[in-house]
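K.L.:
just the structure for this:
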Amino acid sequence: MTKVIALAAELRARAGKGTARQTRRDGRVPAVIYGNKQAPLTISLNEREFVRVLHQPGFFTHLFDVTVDGATHRVLPRDVQFHPVTDLPLHVDFLRVSSETRITVNVPVEFVDQEKSPGLKRGGVLNIVRHDVEVTCGADDIPEHLTISCEGFDVGASIHISAVKMPAGVTPTITDRDFTVATIVAPSGLKSEEGAEATA
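P.N.:
Prediction:
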């Protein structure tokens with residue numbers, strides 16, 4: 001299950017560009033909470049606090065408990081707009097979620113058991129085709145990452161999504177093909193060695 005991060009927010013009286021600009025001048029980031037069949041809520045976040053959590057790994061796969069005027073909203077970040085020059089956040093969209101909500105998210109992949117891969121032990125290189133995989137899951141069941149074992153894979157092998165043990169309730173959004181997540185490729189030295197052998 002994904003971790004839940006607490007975040008304090010303040011209500012914004014009005015939406016609109018002028019109000020948003022004033023909010024930013026006050027050192028705050030305009031944001032909106034929407035979804036779950038409730039009215040949108042316009043809020044603002046402390047810029048320094050938000051930037052700190054924004055740059056943590058897995059920002060878009062973490063749930064947030066945003067507290068506004070004593071009420072707490074369980075949300076998932078869906079979009080952040082950035083300033084083209086300063087790269088500071090200009091606006092944030094949060095989606096309200098509940099235990100029944102099913103969502104689509106990109107989950108990062110991590111590769112383990114590299115020392116058990118014959119191809120990597122021979123000097124092969126792990127070529128990551130997808131650094132994350134789009135999945136559908138319950139809001140409370142977002143995995144921190146998908147763990148992929150390299151055990152048994154030799155040079156020239158492809159690691160497909162079917163080789164990945166998915167957590168309960170998590171399914172890839174692509175279901176019509178067994179797509180490649182990574183390959184084990186030969187280093188240039190090994191390629192030239194094999195080429196020389198073939199010529200001989």
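
K.L.:
looking at this protein, which helix or strand is least sure?
P.N.:
In the chain, no helix or strand scores lower on mean pLDDT, DSSP states H and E than helix 188-199, which sits at a mean of 54.

K.L.:
just the helices in the chain please.
P.N.:
With DSSP state H as the definition, the chain shows helices at residue ranges 17-25, 47-54, 118-121, 188-199.

K.L.:
and the second one, how far from the chain's centre?
P.N.:
Right, helix 47-54. 17 Å (C-alpha atoms, centre = their mean, to the nearest Å).

K.L.:
cool, the shortest one as well?
P.N.:
Counting by C-alpha atoms, centre = their mean, helix 118-121 is centred 29 Å from the centre of its parent chain.

K.L.:
buried residues in it, which are they?
P.N.:
By neighbour count on 16 or more other C-beta atoms under 10 Å, the buried set for helix 118-121 is 119-120. In short, each C-beta sits where N, CA and C put it, glycine included.

K.L.:
ok, which stretches of this structure are strands?
P.N.:
In the chain, the strands defined using DSSP state E lie at 4-11, 28-35, 38-46, 63-68, 71-82, 89-96, 102-112, 125-128, 132-138, 146-149, 158-160, 171-172, 180-185.

K.L.:
could I get those strands as TSV with distance to residue 57?
P.N.:
Compiled in TSV, those are given as follows (distance: least, C-beta to C-beta, whole Å):
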stretch	distance to residue 57
strand 4-11	12
strand 28-35	20
strand 38-46	20
strand 63-68	15
strand 71-82	13
strand 89-96	17
strand 102-112	8
strand 125-128	16
strand 132-138	11
strand 146-149	14
strand 158-160	22
strand 171-172	21
strand 180-185	19
